[in-house]
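Enquirer: Please find the sequence and the predicted model below.
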Amino acid sequence: STPHVAFDKTPAYLQWKDCPEYMKKTAPWIEKLIVVLRNPIDRAFSQHVMDASKKKSNKFRLHDDLFEDRIHTEVSRMKQAGLLDTSFPALPQQDNSTAMPSILHDHSNRRNMSFENQSSAFDAIVLEDHTMLRKGFYSLQLRRWLQHYSLQNILVLNYDDFVADTKGVVNEILQFAGLSRLDSLN
């Protein structure tokens, strides 16, 4: 008999703290996962545009806030949580703008933190309107999934590759799922 294959998608699965464990317990037949990651800054800006268009938050008046202001607020919260070290030189200021850290990947404080402490610090800053950058910390999110699923059963794809070569990426997904390749996409 032909195996049944189903696909479901939501970006929230990757971010929900308890989702990997819950999914493993409640849907043990799910053996393979596909994760499509987007450039974290492109993803954050897309979220900002979506939030502003929906005017989801009166608390921060997203339609009036600048993207940069929201980034600065979240960087401050991540720094307080120990997820960022921004003590290095900043980019030069231009046009009276506030300088951003020149490097965001120097997590010297994090290197000494256990994964559990990193994860707790990560979750502590989950505030409804302050998740634009946090959602782009893919390594912390994927580590949770790797505690319940093997690396060979997780296909990680790049969103830009999907846009540039949809047919190629769809065929990669089909091969990963053990299905026949497509000759064409309509």
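Expert: Yes, it's here.

Enquirer: Any stretches of the chain with poor pLDDT?
Expert: Within the chain, the stretches with pLDDT under 70 are 1-3, 55-65, 82-130, 185-186.

Enquirer: Just the strands from it, written as ranges.
Expert: 33-37, 154-158 (DSSP state E).

Enquirer: mind exporting stretch 41-49 as CSV, just the C-alpha atoms?
Expert: Taking Å, rounded to 0.1, in the frame of the first residue of the first chain, the C-alpha atoms of stretch 41-49 are listed here in CSV:
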residue,chain,number,x,y,z
ILE,A,41,16.6,40.5,9.0
ASP,A,42,14.3,40.0,6.0
ARG,A,43,12.0,38.0,8.3
ALA,A,44,12.0,40.7,11.0
PHE,A,45,11.2,43.4,8.5
SER,A,46,8.4,41.4,6.9
GLN,A,47,6.9,40.9,10.4
HIS,A,48,7.2,44.7,11.1
VAL,A,49,5.3,45.4,7.8
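
Enquirer: can you list contacts of it?
Expert: Applying C-beta atoms under 8 Å, 6 or more residues apart in numbering, the contact partners of stretch 41-49 are Arg38, Leu62, Phe67, Arg70, Ile71, Thr131, Met132, Leu133, Lys135, Gly136, Tyr159. For glycine as for every other residue, the C-beta is placed from the backbone atoms N, C-alpha and C.

Enquirer: Now for those: which two are most distant?
Expert: Across the contacts of stretch 41-49, the longest distance by C-beta to C-beta is 23.1 Å; it joins Leu62 and Tyr159.

Enquirer: Tell me which of the two has more neighbours.
Expert: Taking neighbours as other C-beta atoms under 10 Å, Leu62 and Tyr159 compare with Leu62 leading, 21 against 14.

Enquirer: quick one, helices of the chain?
Expert: 12-15, 19-26, 40-54, 67-80, 108-111, 115-124, 138-146, 159-164, 166-176 (DSSP state H).

Enquirer: Select, out of those, the one closest to Gln152.
Expert: Closest approach to Gln152 among those (C-beta to C-beta): helix 166-176, 9.8 Å.

Enquirer: Could you check the closest one and say which residues are buried?
Expert: Buried residues in helix 166-176, counted by 16 or more other C-beta atoms under 10 Å: Val169, Asn171, Glu172, Ile173, Phe176.
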